[in-house]
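Asks: Make a model of this:
(one chain, ligands or ions: 2)
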Amino acid sequence: MSLKKVIVENSVGMVLAHDITQIIPGVKKGPLFRKGYIVTEKDIPQLLTLGKEHLYVWEQQSGWIHEDEAANRLANAATGESSNFEISSPKEGRVNIASTVNGLLKIDTERLTSLNSLGGLVMVTVHTNRPVQKGEIVAGTRVIPLIIEEEKIIAAEKLCSANEPLIKILPYRLRHAGMIITGSEVKKGRIKDGFGPVVKEKLAVFGVDVVVSTYVEDDCGKISKAIQSTLAQSVDMVVVTGGMSVDPDDVTPSAIKATGADIVSYGAPVLPGSMFMLAYLDNRPIMGLPGCVMYNGVTVFDLILPRILAGERISARELAVLGHGGLCLNCPVCHYPNCALGKGI
Ligand SMILES: Nc1nc2c(c(=O)[nH]1)N[C@H]1C(S)=C(S)[C@@H](COP(=O)(O)OP(=O)(O)OC[C@H]3O[C@@H](n4cnc5c(N)ncnc54)[C@H](O)[C@@H]3O)O[C@H]1N2
Ligand code: MOO
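Replies: Ligands and ions are numbered 1, 2, ... in the order given. Below is the predicted model:
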């Protein structure tokens, strides 16, 4: 198809090649005539008052496609036509991509940049590794010109679907957690446990149940044994709270090491949460949670947990890159994940 420019008075009976938007300040912004509309005699005065003395109408031409069709094709290619996404009807060449499930959003950011370097089209997303909910819009795509060479869309489709889709949602796979609350003051009843309820609630958001829960005093051997016996009860992961810092009674990192687990990192470049430990034993994650996870609203735990639950194995490098954007600004009202925390990747 190609465009033909005609004088508005000569457009009666012709097929409109684009939406015509009406804006009434403070009242309305939206299309008055839609692409594909056949112009009638009575529309002419209204078109003239909208400032349209000329219109673009369609002239069929092979090798070119309309922006709406192109945007639709791009959205389908980017999501691999997965049922985890719902693609909206095109509007003025824009298509929205929404999640139909709760899960971890994965964007191949390198390929996204390559796609957006092709020119003539844009693919725009929220950040990768975001925990998304059913119904949330996660991406939008728009074709810049009204019609575009089909060849360009074919190249974009190839890029979108190479090996695996550009945009994916990973379901949360881990369901059962074990929790070890350390601290002699808690074990001996000097204070009430305030950590367990916080962790339980954070896990429950993702549908994870704490199926084993143990209180242990600040003793390396006892904590280490508790981790092993918790893992023996077929949990998918273990969280150990407290004792992560540098006091003589902070023995949790040593206890995790003593289980023989592979230590990915002791320390993570996120504030709060810098004393975090991640380790794996028999491919099951063990997380050492510093006191700030109990105290602060959002910490490194909130950044890493959705990825762990989606079954990703987190490397030391993936923790290291969190430093860029890892500083919580302690806003008076927290809007996480709608903020910069953890978005430097
Ligand atoms: N010299 C340094 N001091 C601290 C550092 C550091 O790098 N150098 N790091 C700070 C950071 S960051 C954090 S976070 C905390 C880490 O604390 P821990 O994980 O070692 O926490 P604890 O010492 O076990 O407890 C701190 C505080 O919280 C209370 N607590 C602990 N567990 C519970 C529980 N289950 N229920 C209620 N209250 C609990 C505990 O009684 C302590 O009062 O260290 C900084 N210091
Ligand atoms: O582990 Mo503390 O990590 O930064 O508040």
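Asks: from here on, contacts and neighbour counts on C-alpha atoms
Replies: Noted.
Asks: any idea which residue sits dead centre in the protein?
Replies: residue 130 (2.7 Å; CA atoms, centre = their mean).
Asks: for the residue nearest to that residue when sequence neighbours are not counted, phi and psi?
Replies: Counting by CA to CA, 6 or more residues apart in numbering, residue 130 lies nearest to residue 105, which is 5.3 Å off, once chain neighbours are set aside. Here is the backbone geometry of residue 105 (degrees, to the nearest 10): phi -80, psi 130.
Asks: so who does residue 105 touch?
Replies: Listed by CA atoms under 8 Å, 6 or more residues apart in numbering, the contact set of residue 105 reads 128, 129, 130, 131, 132, 167, 168, 169, 170.
Asks: what are the bridge partners for it, then?
Replies: Beta-bridge pairing for residue 105 (DSSP bridges): residue 169.
Asks: In terms of pLDDT, where does it sit?
Replies: Per-residue confidence (pLDDT) for residue 105: 98.
Asks: Kindly report the same for residue 2.
Replies: The per-residue pLDDT reported for residue 2 equals 68.
Asks: again, but for residue 166
Replies: 98.
Asks: Neighbours of it, how many?
Replies: By the criterion of other CA atoms under 10 Å, residue 166 has 23 neighbours.
Asks: how close does it sit to residue 181?
Replies: Separation of residue 166 from residue 181 (CA to CA, to the nearest Å) stands at 40 Å.
Asks: Residue 149 now?
Replies: Distance, residue 149 to residue 181, by CA to CA: 61 Å.
Asks: With neighbour numbers in mind, choose between these two.
Replies: Under the criterion of other CA under 10 Å, the comparison of residue 149 against residue 181 puts residue 181 first, with 25 against 17.
Asks: For that one, name its beta-bridge partners.
Replies: Beta-bridge partners, per DSSP bridges, of residue 181: residue 215, residue 241.
Asks: Quick check: it touching residue 196?
Replies: Yes: with contacts counted by CA atoms under 8 Å, residue 181 reaches residue 196, the gap being 6.8 Å.
Asks: Residue 156 falls within a helix, correct?
Replies: Yes: assessed with DSSP: H, G, I helix; E, B strand; the rest coil, residue 156 lies in a helix.
Asks: Number of residues surrounding the residue of the chain found nearest ligand 2?
Replies: Nearest to ligand 2 in the chain, going by CA to the nearest ligand atom, is residue 273, at a distance of 3.0 Å. Counted with other CA under 10 Å, the neighbours of residue 273 add up to 24.
Asks: next one: residue 233
Replies: By other CA under 10 Å, the burial measure for residue 233, its neighbour count, is 12.
Asks: ditto for residue 7
Replies: Neighbour tally, residue 7, other CA under 10 Å: 12.
Asks: shaky segments in the stretch 1-150 of the chain?
Replies: 1-2, 60 (pLDDT under 70).
Asks: list the buried ones in stretch 274-290?
Replies: 274-281, 284-290 (16 or more other CA atoms under 10 Å).
Asks: Pick the one among those closest to ligand 1.
Replies: Ligand 1 has its nearest neighbour among the buried residues of stretch 274-290 in residue 290, at 3.3 Å by CA to the nearest ligand atom.
Asks: Now do the residue of the chain closest to ligand 2, the pLDDT please.
Replies: For residue 273, the model assigns a pLDDT of 97.
Asks: that's a helix at it, yeah?
Replies: No: using three-state DSSP, the assignment for residue 273 is coil, not a helix.
Asks: Spit out the contact partners of residue 342.
Replies: 303, 322, 324, 325, 326, 327.
Asks: just the helices in this protein please.
Replies: 44-49, 67-79, 109-116, 150-161, 184-187, 195-204, 220-231, 252-258, 292-295, 300-309, 316-320 (DSSP state H).
Asks: what about the first one, distance to the chain center?
Replies: When you say that, I think you mean helix 44-49. 45 Å (CA atoms, centre = their mean, to the nearest Å).
Asks: which other helices and strands contact it?
Replies: With contacts defined as 3 or more CA pairs under 8 Å, 6 or more residues apart in numbering; DSSP states H and E, helix 44-49 has no helix or strand neighbours.
Asks: Can I get it as CSV, trimmed to CA atoms?
Replies: The C-alpha coordinates for helix 44-49 follow below in CSV (Å, rounded to 0.1, in the frame of the first residue of the first chain):
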residue,chain,number,x,y,z
ILE,A,44,-15.8,17.6,4.9
PRO,A,45,-16.8,20.6,7.0
GLN,A,46,-15.6,18.9,10.2
LEU,A,47,-12.3,17.8,8.7
LEU,A,48,-11.7,21.4,7.6
THR,A,49,-12.4,22.7,11.1
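Asks: one step back: give me the common contacts of residue 181 and residue 196.
Replies: The contact lists of residue 181 and residue 196 share residue 241, where a contact means CA under 8 Å, 6+ apart.
Asks: Alright, I will stop here.
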